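**Student:** Kindly return the folded structure for what I paste below:
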Amino acid sequence: MSFRFNRSTSSVRLPSILAIGFSGHRKLMDEDKCRTAILRVLDEWKAENSGVVYGVSSVAAGGDLLFAESCIELNLPIRILLPSPPETFREDFDDPTWERAERVMASALSVEVMGVSQDPTERYYECGIETVHQSQLLIALWDGEESRGMGGTADIFNFAKEQGCPIVWIHSVTGSVDSLNENPNLMRDAELEFLNDLPDAATQVPLTTPRSLAQAWFDKVDQNASKVAPQFRRLAAIPIFCTAAAALLSGKASSTEESVIWLWSGTAFGAMAAVLPYVMRLSRRQVTWTRIRAAAEICRSCLALWQTPALYDAVGPEVVPELAGMLTWLNYLKMSGRTSEPATLEEFKRQYREDRVQHQIAYFSSHASRSATAVRTYRYVVWASLVLAGSLNAWMLLSAHGIVSWTPGRWKPVFALAATTGFQIATVAGALLAVNDFQRRRDRYRELHRMLMQWDKQLELSRTWSTVLRITSVIEKALLAELIEWRSLIRNRKLPQK
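**Tutor:** Sure, this is the predicted structure:
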């Protein structure tokens, strides 16, 4: 595929993408009939999708191998998932069939071992279930009968059916084709369209490799998220100030002869406090930021793990289904560029620790300090204002009961207004502290800083890819946890498209 795009529309876009999974019998009555049916179905889906279509399957003898060979015949990329390592998997083949499987694996985007169980049938089952998870559409070559053992096509078919996965069922005996769980929006990804329509980044890298496209996509989404985020909390404070001003002006009206002016002013500020959140579209801004920032951070996480031998799985479509298209694209780009960008374990560790872990440690350290300073400042303001206002009120109460000898006299309205102002300042400061959530952020930043320091030490001491991948997966999930939570809060809301 080409990684250059028409700059008259957008220089950085991810077109539609469709991952077609497959599950089928190993023993077939008529392989030629089955091959023809598979080719016909694949060709139809390829013609309907103007973007990228690729296959996901094993290369077990029978249906799986026919599907993989059909993908290659139609120039569709293929991702191979194996139930066991090739040297063990080889035992299930005769020599001619294994030669066919080897040719397919040599042409595949990637070859990955998915089965982890000791029992061979369980490994086949695990591989089949993972095929469903990694696909948006499943082609099943099935005779309609129950499985003869765990991991059979019936098991995978029923799992996909109950999960709501769109299925194209090719009857392995009659050749008839049926569709289940049809999704009219399968070829349309609304969230990917929304992200594609965002303005391009100010500066761009040349789109010459899969990695450069992923980097340019991240730069684009990240810069758009940064444009939205800084405004939200500042704008959210405006209605709070308006409410406080309305209370003060209304209170002033009761202690002056020109009460009409103060009442009108207080009413105006009260109306502003009620209307401004809608006029400024604060809720819409928050939703927009959450959508874009979640996409940017997941893309950042994927880029951080780009040179690992495994595909990105710290966050999957099952966690953020709205971003399934972007996640599928990022993994497809990584598979496309994997052979040209190898990295040794030590090279990856060094780069990941420097660019990801150390950067995040510094980030959380500085932001924890800022949040702690903000918490102290707002608390000082709250307590100072409360003490001042309370002292003035106490003085006037004591004076009113004759307990103190000095009576404010004509300064009484001024003292009353000053006390009211003090209480309002304390209220505003407390509200701003709550709106900006400084205390929670401070504690969160400190905790993440502590954990990252511990994980960074573990990475430094790790000596195998499996250990390093486990630690990096934990790190990425921890860094993304809060964004995923925020994303879930808007899942059932009507999302703005611009």
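**Student:** give me phi/psi at residue 169?
**Tutor:** Reported as degrees, to the nearest 10, the phi and psi values for residue 169 are phi -100, psi 110.
**Student:** same check, this time on residue 179
**Tutor:** The phi and psi values for residue 179, taken as degrees, to the nearest 10, are phi -120, psi 140.
**Student:** The spatially closest residue to it that is not a sequence neighbour is in what secondary structure piece?
**Tutor:** Ranked by CB to CB, 6 or more residues apart in numbering and with sequence neighbours excluded, the top spatial neighbour of residue 179 is residue 168, at 5.7 Å. Every residue, glycine included, has its C-beta placed from N, CA and C. Taking DSSP states H and E as the definition, one finds residue 168 inside strand 167-171.
**Student:** which of the residues in stretch 107-123 are buried?
**Tutor:** Judged by neighbour count using 16 or more other CB atoms under 10 Å, the buried positions of stretch 107-123 are 108, 109, 110, 112, 113, 114, 115, 120, 121, 123.
**Student:** about what we covered before: mind checking how far the residue nearest to residue 179 is from residue 64?
**Tutor:** Residue 168 sits 15 Å away from residue 64 when distances are taken as CB to CB, to the nearest Å.
**Student:** Tell me which of the two has more neighbours.
**Tutor:** Between residue 168 and residue 64, residue 64 has the larger neighbour count (other CB atoms under 10 Å), namely 26 against 22.
**Student:** Give the closest residue to the more buried one in space, chain neighbours not counted.
**Tutor:** Setting aside the residues directly before and after it, residue 64 is nearest to residue 58 in space (CB to CB, 6+ apart), at 4.5 Å.
**Student:** Do I have it right that the one you found meets residue 134?
**Tutor:** No: contact between residue 58 and residue 134 fails when scored by CB atoms under 8 Å: they sit 11.7 Å apart.
**Student:** Spell out which residues are contacts of both of these two.
**Tutor:** Common neighbours of residue 58 and residue 134 (criterion: CB atoms under 8 Å, 6 or more residues apart in numbering): residue 81.
**Student:** ok, those two, which is more surrounded?
**Tutor:** residue 58 (26 against 21).
**Student:** Quick one: residues contacting the more buried one.
**Tutor:** 64, 80, 81, 82, 83, 127, 128, 131.
**Student:** again, but for residue 14
**Tutor:** Contacts here follow CB under 8 Å, 6+ apart; on that basis residue 14 touches 192, 195, 196, 217, 325, 326, 329.
**Student:** Would you mind measuring from the last one to residue 130?
**Tutor:** For residue 329, the distance to residue 130 (CB to CB) stands at 19 Å.
**Student:** Show me which of the two is the more surrounded one.
**Tutor:** Set side by side, residue 329 and residue 130 show unequal neighbour counts under other CB under 10 Å, the larger going to residue 329 at 25 against 18.
**Student:** can you count the residues close to the nearest residue to residue 182 once chain neighbours are set aside?
**Tutor:** Closest residue to residue 182 apart from its sequence neighbours, by CB to CB, 6+ apart: residue 166 at 6.0 Å. Counted with other CB under 10 Å, the burial measure for residue 166 works out to 18 neighbours.
**Student:** Start from the N-terminal end of the protein and give the strands.
**Tutor:** Across the chain, reading from the start of the chain, the strands by DSSP state E fall at 17-24, 52-57, 78-82, 110-113, 137-142, 167-171, 177-180.
**Student:** Show me the one of those that comes nearest residue 98.
**Tutor:** strand 78-82 (12.8 Å; CB to CB).
**Student:** Am I right that residue 131 is in contact with residue 55?
**Tutor:** No: with contacts counted by CB under 8 Å, residue 131 stays clear of residue 55, the gap being 10.0 Å.
**Student:** Need the residues touching each of those two.
**Tutor:** Shared between the contact lists of residue 131 and residue 55 (criterion: CB under 8 Å, 6+ apart) are residues 21, 22.
**Student:** quick revisit: within its sheet, name the partner strands of the strand holding residue 168 and how each one runs.
**Tutor:** For strand 167-171, sheet partners with direction are given as strand 137-142 (parallel), strand 177-180 (antiparallel), following DSSP bridges.
**Student:** outside of that strand, which residues touch it?
**Tutor:** Surrounding strand 167-171, the residues in contact under the criterion CB under 8 Å, 6+ apart are 34, 37-38, 41, 137-144, 157, 160-161, 176-181.
**Student:** repeat that for 7 Å
**Tutor:** Contacts of strand 167-171 with the rest of the structure, by CB atoms under 7 Å, 6 or more residues apart in numbering, involve 37-38, 41, 137-144, 157, 160-161, 177-181.
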